[in-house]
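1. need a structure here:
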Amino acid sequence: MDNNEIKKYSELLLNKPGVLSILGTDNSNGNLIDRFEVDIKDIDVLGYDFGANFRNKKYKVLFQINMYLNTDKEFIDCDGLWHKYNLDTSWWEHHIIPNKLSPIINFIDTDETILTLRVFSKDGNHQYCLENVEEINEGITDTFKFESRKPTFSHQDITGLTEDVMKDMSIEELETVSEALMYYVRQFSYDWDDNGNRYVRYDEDRNPVEYLSRDEHRTIQEIRNNLYNIKNNKEKELSEKEGNELIPIFLKFLEMDKKINPKNYPEWLELNVNETTNWGELMVSPIIDVDKWLSQGGSSREIRETKYRIEHIWNQYVKSKRKLSVQQVYWSGLDSYIKKVFRKEIRPKFKELPGGDCLHSVIFRARNSWNNVDIQIYPRIKSDCRDWYSPRKFSEYQLQEQIRDILKEYGWVHGKNYTFSGDRD
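-> Below you'll find the predicted structure:
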């Protein structure tokens with residue numbers, strides 16, 4: 001198998017959905033990995049054999065894997081790839097890629113081949129994690145050359161980053177400058193020759209090239225924090241603007257769906273869509289009218305079906321990277337019902353039942369989360385009625401059945417609109 005065939009089959013193996021989805025997905029753009037491209041070159045390079053105590057070794061083939069992420073950011077360092085994309089280039093080079101290319105690995109002379117991974121933006125115009133990139137000349141070279149293309153800063157450049165200047169920057173510019181500034185600061189370490197009273201930056205040969213006093217170093221950290229806060233506020237404003245623009249669109253879809261599928265929108269359930277969003281997250285508050293819910297035979301299952309329906313509309317038709325959040329359920333009229341009906345009419349009937357004098361109290365509370373949308377009703381029995389030595393002939397099971405029958409007269413159907421349980425969520 002020649003290099004062209006190896007390149008072709010390698011790209012087929014790496015561009016399978018299972019490989020492209022390893023880093024996860026972005027709600028707006030799909031997989032975080034857009035594609036892979038493979039480049040195979042003949043080289044003559046003297047490098048290190050890391051498996052043989054760093055002895056010099058000749059390499060003849062460069063097997064270069066190019067990964068294109070679904071982003072157009074100008075700059076991402078290795079830390080950024082790890083923290084934001086969970087991408088460790090070294091792990092991919094030594095484990096994931098060789099594993100995925102195992103069907104053709106026998107056609108590659110691994111002893112003379114260098115496998116490298118380079119990470120690019122989607123359009124290929126920006127390369128990331130350049131501090132770990134080793135440029136290999138096509139000709140003969142003594143060692144691998146190291147070249148860093150990170151944005152560079154000087155202390156004079158940083159002092160020009162006033163608050164007004166930062167506020168005029170776009171979110172992308174703020175992020176780029178913030179990451180580059182972080183890289184600049186990380187190059188400095190305590191200058192122990194000066195008893196740690198200043199910071200020093202070294203070149204590749206460990207020669208000092210720049211010094212910062214403690215105050216200068218602290219000022220740079222404050223500027224970076226300010227950059228982050230301004231960027232954070234801009235992102236929040238943009239997210240909330242985009243989220244608020246989606247509210248009328250979402251309401252229109254709900255109105256259309258209500259006409260087509262009225263059974264998913266019972267009269268006793270009201271959906272209150274908040275007029276503002278929190279970080280672009282659209283919030284829906286369900287309101288249940290308890291009196292209508294009981295008179296119309298509403299059930300907990302219908303509430304959950306409505307939740308699934310509105311989430312489907314959001315994901316299928318609105319298709320926004322902004323989130324839809326369904327808040328806890330509000331039970332309208334429940335407090336009034338407990339005071340006027342349950343305590344004055346229903347509970348006295350429980351006391352009149354055989355064994356009713358053994359009732360200590362009756363739990364009546366609402367579950368407010370979508371996963372448990374129902375009412376809890378449960379009788380608590382006095383402890384002395386449960387003692388084995390109690391002289392009373394008392395059946396707790398019979399008492400519970402009679403309580404269920406009374407509740408049914410008032411529209412409460414066990415397993416439909418309430419649960420016979422006292423357990424808390």
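
2. what about stretch 321-328, how long is it end to end?
-> The first residue of stretch 321-328 is 22 Å away from its last residue (Cα to Cα, to the nearest Å).

3. before we move on, what about stretch 307-321?
-> Termini of stretch 307-321 sit 19 Å apart (Cα to Cα).

4. buried sites along that stretch?
-> Burial within stretch 307-321, assessed by neighbour count using 16 or more other Cβ atoms under 10 Å, is assigned to 307, 309-310, 313-314, 320. The way it works is simple: take the backbone N, C-alpha and C, and place the C-beta from them, glycine included.

5. what does stretch 75-83 give?
-> So stretch 75-83, judged by 16+ other Cβ under 10 Å, has buried residues 75-78, 80-81.

6. CA atoms only: put that stretch into PDB for me.
-> Written as PDB, here are the backbone C-alpha positions of stretch 75-83 (Å, rounded to 0.1, in the frame of the first residue of the first chain):
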ATOM      1  CA  PHE A  75      -5.800  31.800  19.100                       C
ATOM      2  CA  ILE A  76      -6.200  28.900  21.500                       C
ATOM      3  CA  ASP A  77      -3.200  27.700  23.500                       C
ATOM      4  CA  CYS A  78      -2.700  24.100  24.800                       C
ATOM      5  CA  ASP A  79      -4.300  24.900  28.100                       C
ATOM      6  CA  GLY A  80      -7.300  26.300  26.300                       C
ATOM      7  CA  LEU A  81      -7.700  23.100  24.200                       C
ATOM      8  CA  TRP A  82      -7.600  21.100  27.400                       C
ATOM      9  CA  HIS A  83      -9.900  23.200  29.500                       C
END
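
7. follow-up on the earlier one: give me the subset of the buried residues of stretch 307-321 lying in strands.
-> With DSSP state E as the criterion, strands contain none of those.

8. what count of nearby residues applies to Ile346?
-> Per other Cβ atoms under 10 Å, the neighbour tally for Ile346 reads 20.

9. check contacts around it.
-> By Cβ atoms under 8 Å, 6 or more residues apart in numbering, the contact list for Ile346 reads 406-407, 410.

10. pLDDT score assigned to Arg343?
-> pLDDT for Arg343: 92.

11. pipe the buried residues of stretch 307-321 into CSV and attach distance to Arg365 per row.
-> Listed next are the buried residues of stretch 307-321 as CSV, based on distance: Cβ to Cβ, whole Å:
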residue, distance to Arg365
Lys307, 21
Arg309, 27
Ile310, 26
Ile313, 31
Trp314, 30
Ser320, 36
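
12. between the residues you listed, which is closest to Trp268?
-> Lys307 (14.9 Å; Cβ to Cβ).

13. isn't the closest one right next to Pro286, touching?
-> Yes - contact criterion Cβ atoms under 8 Å: Lys307 and Pro286 qualify, at 7.5 Å.

14. list residues touching both of the two?
-> Taking Cβ under 8 Å, 6+ apart as the contact rule, Lys307 and Pro286 both touch Val326.

15. show me this protein divided up by domain.
-> The record's domain parsing of the chain by automatic domain parsing lists 3-146, 155-237, 242-324, 334-419.

16. now the strands for the stretch 251-400 of the chain?
-> Per DSSP state E, counting those that start in this stretch, the stretch 251-400 of the chain carries strands over the ranges 269-273, 282-289, 324-326, 330-332, 359-366, 375-381.

17. dump the ones you listed into JSON lines; add distance to Leu23 and mean neighbour count as well.
-> Output for the strands of the stretch 251-400 of the chain, formatted as JSON lines (distance: least, Cβ to Cβ, whole Å; neighbours: other Cβ atoms under 10 Å):
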{"stretch": "strand 269-273", "distance to Leu23": "34", "mean neighbour count": "15"}
{"stretch": "strand 282-289", "distance to Leu23": "27", "mean neighbour count": "18"}
{"stretch": "strand 324-326", "distance to Leu23": "25", "mean neighbour count": "17"}
{"stretch": "strand 330-332", "distance to Leu23": "40", "mean neighbour count": "16"}
{"stretch": "strand 359-366", "distance to Leu23": "42", "mean neighbour count": "15"}
{"stretch": "strand 375-381", "distance to Leu23": "43", "mean neighbour count": "18"}
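
18. which of the ones you listed comes out lowest on mean pLDDT?
-> strand 324-326 (a mean of 81).

19. quick one: mean pLDDT over the longest helix anywhere in the chain.
-> Longest helix of the chain, by residue count under DSSP state H: helix 214-260. The pLDDT scores in helix 214-260 average 87.

20. in the chain, which helix or strand is least confident?
-> strand 145-146 (a mean of 30; mean pLDDT, DSSP states H and E).

21. including distance to Asp215, could the strands of the stretch 251-400 of the chain go into TSV?
-> Shown next, in TSV, are these (distance: least, Cβ to Cβ, whole Å):
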stretch	distance to Asp215
strand 269-273	51
strand 282-289	45
strand 324-326	45
strand 330-332	54
strand 359-366	58
strand 375-381	61
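
22. of all these, which lies closest to Leu117?
-> In terms of Cβ to Cβ, the element of these nearest to Leu117 is strand 324-326, at 37.1 Å.

23. pull up the pairing partners for the closest one, direction included.
-> With DSSP bridges as the test, strand 324-326 is paired with strand 282-289 (parallel).

24. the strand it pairs with to strand 359-366, inter-axis angle?
-> Taking axes from the mean of the first three to the mean of the last three Cα atoms, to 10 degrees, strand 282-289 and strand 359-366 form an angle of 140 degrees between their directions.

25. just want the angle from strand 282-289 to strand 269-273.
-> If you take the same axes, to 10 degrees, strand 282-289 sits at 150 degrees to strand 269-273.

26. list the contacts of strand 282-289.
-> With Cβ under 8 Å, 6+ apart as the test, strand 282-289 has contacts from 243, 246-247, 250, 268-274, 277, 298, 303, 306-307, 310, 314, 322-333.

27. average pLDDT for whatever helix or strand Glu179 lives in?
-> Taking DSSP states H and E as the definition, one finds Glu179 inside helix 171-186. When pLDDT is averaged along helix 171-186, the result is 81.

28. what lies in contact with the helix or strand just after that helix?
-> Heading C-terminal from helix 171-186, the first helix or strand you meet, by DSSP H and E, is strand 188-190. Applying Cβ under 8 Å, 6+ apart, the external contacts of strand 188-190 come out as 196, 199-201, 210, 212, 217.
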